[in-house]
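K.L.:
Return atomic coordinates for the entry below.
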Amino acid sequence: MAATGVGAGDVVAASVAGARYGVVILWAALAGALAKYVLNEGVARWQLATGTTLLEGWFQHLPRPVLVGFGGYLVLWSFMVAGAMMAACGLAAHAMFPSVPVGVFGAWHAVVAAGLVLIGRYALFERLVKVFIALLVVTVVGSALLIRPDVGAVMTGLAVPSVPAGAGPFLLGVIGGVGGSVTLLSYSYWMRERGWDGPTLVTQVRLDLRVAYGLTGVFGVAIMVLAAQAQPDQVTGAAMALELARQIGQGGGAFGQSLFLVGFWGAVFTSMLGVWQGVPYLFADFVRLWRGPEAAAPSTTSAAYRLALLFLAGPPMVLLLADRPVWIVVIYSVAGAFFMPFLAGTLLYLNTQARLGALRSRWGTNALLVAALVLFGYLCVAELVERLGGG
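P.N.:
Down below sits the predicted model:
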């Protein structure tokens, strides 16, 4: 979950926030990790209590039009996110090997990731993720330590929440962006691959998620510390990470720059690998449930899974060749704005049911879910105002 949820978007949002406001807003990265932990824990707890994935719960308890909307959004989200990941992987690799074009590197990463998923299935995926998480910790946290930040200021920024003038939108962007979105639902299928089933495993699953989102929070803090120290220019998109690397190189030399670039590449490629492995489960399960729940649970060998994987690794390559049409960007942004509050709302509805027994949500968890619903609901409204208002 940590590897999949940390990608180019997290790096960019944290870099912009850190460069503008420094280490006084480090607490936002931890708050974002906590919000995503609460949501993912709810997804996992539903599954442990009922033996069904949250997607199955939606099919059981939500009206058909809502499911149609989610299915359409899943296709559009996958197309746009896959294209963005290819571009980010291409940029990261091109920065280290400038002789190879960005588009070539982006396409190559997409094909390699698809091959690894097809050949190795879940066991290889899990081993690779462990290696890449270790790489991320060493490179990104190592880069942050290399620039020798003010430890006292860092600790204050973590422990004392403050909101500098004008920082509200950036803080909400960091909190909302940390830890992924639709990829949270992939955890259900990784639990099944591990054989984690039944209420007795709730402690183990919570520990697993705490480690995952603890690492996610540490990664976000490290990026913000780097940006606060290096002060990269305000460029747009994934190029922000490359500008951050350049500024690190000016202060920490070629070694510091290379260390960060390797970490950035590792972040975006593992995020791609996680999406390539986890999201096809959602497609396959959606197709199965639409046809009828009596069919077998999705697996990496099913036709629907493999078709979804080919969709991720193939058609989005066109986004490497041309700008995205404005209308696609607007539809994607508007639809995506609804997902996180939708997830928080359905967890409040489903996880308070008596059928969950001892795993039913208590007041403390419900309070955190309400806070997540309010936060992501506000971000949803802000996104709608910006996009539909022509911003």
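
K.L.:
For the rest of this, base every contact and every neighbour count on C-alpha atoms.
P.N.:
OK.

K.L.:
now what about stretch 283-290, what contacts it?
P.N.:
Contact partners of stretch 283-290, identified using Cα atoms under 8 Å, 6 or more residues apart in numbering, comprise Leu55, Glu56, Phe59, Gly71, Ala295, Ala296, Ala297, Pro298, Ser302, Ala304, Tyr305, Ala308.

K.L.:
Please, where are all the helices along the stretch 151-300 of the chain?
P.N.:
151-159, 168-177, 187-194, 202-230, 239-291 (DSSP state H, counting those that start in this stretch).

K.L.:
so which of those helices comes closest to Thr365?
P.N.:
Distance to Thr365, taken as Cα to Cα, is lowest for helix 202-230 among these, at 13.1 Å.

K.L.:
what comes up buried for that closest one?
P.N.:
If you call a residue buried by 16 or more other Cα atoms under 10 Å, then helix 202-230 has these buried ones: 202, 205-206, 209-210, 212-230.

K.L.:
next one: stretch 104-118
P.N.:
Neighbour counts over stretch 104-118 (16+ other Cα under 10 Å) mark 104-111, 113-118 as buried.

K.L.:
quick one on the thing from earlier: which of the contacts of stretch 283-290 count as buried?
P.N.:
Among the contacts of stretch 283-290, those scoring as buried are Leu55, Glu56, Phe59, Gly71, Pro298, Ala304, Tyr305, Ala308 (criterion: 16+ other Cα under 10 Å).

K.L.:
Tell me how far the fifth one lies from Gly168.
P.N.:
By that I understand Pro298. 42 Å (Cα to Cα, to the nearest Å).

K.L.:
among the buried residues of stretch 104-118, which two are most distant?
P.N.:
The span of the buried residues of stretch 104-118, defined through Cα to Cα, is set by Val104 and Leu118 at 21.3 Å.

K.L.:
Flag every buried residue along the worst-scoring helix or strand of the chain on mean pLDDT.
P.N.:
Within the chain, no helix or strand scores below helix 168-177, which has a mean of 75 by mean pLDDT, DSSP states H and E. The neighbour-count check on helix 168-177 (16+ other Cα under 10 Å) flags Phe170, Leu171, Leu172, Gly173, Val174, Ile175, Gly176, Gly177 as buried.

K.L.:
cool, and stretch 182-202?
P.N.:
Under 16+ other Cα under 10 Å, the buried positions of stretch 182-202 are 182-191, 196-197, 199, 202.

K.L.:
for stretch 348-359, same thing?
P.N.:
Neighbour-count burial for stretch 348-359, with 16+ other Cα under 10 Å as criterion, is recorded at Leu348, Leu350, Asn351, Thr352, Leu356, Leu359.

K.L.:
So which of these are in helices?
P.N.:
Leu348, Leu350 (DSSP state H).

K.L.:
picking up where we left off before, tell me the one among the buried residues of helix 168-177 nearest to Phe97.
P.N.:
Checking these against Phe97 with Cα to Cα, the nearest one is Gly177 at 28.8 Å.

K.L.:
Leaving out sequence neighbours, find the closest residue to that closest one.
P.N.:
Leaving aside its sequence neighbours, Gly177 sits nearest to Asp10 (Cα to Cα, 6 or more residues apart in numbering; 5.9 Å).

K.L.:
what's the angle from the helix or strand harbouring that neighbour to helix 168-177?
P.N.:
Using DSSP states H and E, Asp10 sits in helix 8-21. Inter-element angle recorded for helix 8-21 and helix 168-177: 150 degrees (by axes from the mean of the first three to the mean of the last three Cα atoms, to 10 degrees).

K.L.:
Which other helices and strands does helix 8-21 contact?
P.N.:
Packing partners of helix 8-21 (3 or more Cα pairs under 8 Å, 6 or more residues apart in numbering; DSSP states H and E): helix 168-177, helix 202-230, helix 239-291.

K.L.:
Show me what secondary structure element comes after the longest one.
P.N.:
Downstream of helix 239-291, the first helix or strand assigned by DSSP H and E is helix 303-313.

K.L.:
which outside residues touch that next one?
P.N.:
Here helix 303-313 has contacts from 78-79, 82, 110-111, 114, 118, 276-277, 280-281, 283-284, 287, 298-300, using Cα under 8 Å, 6+ apart.
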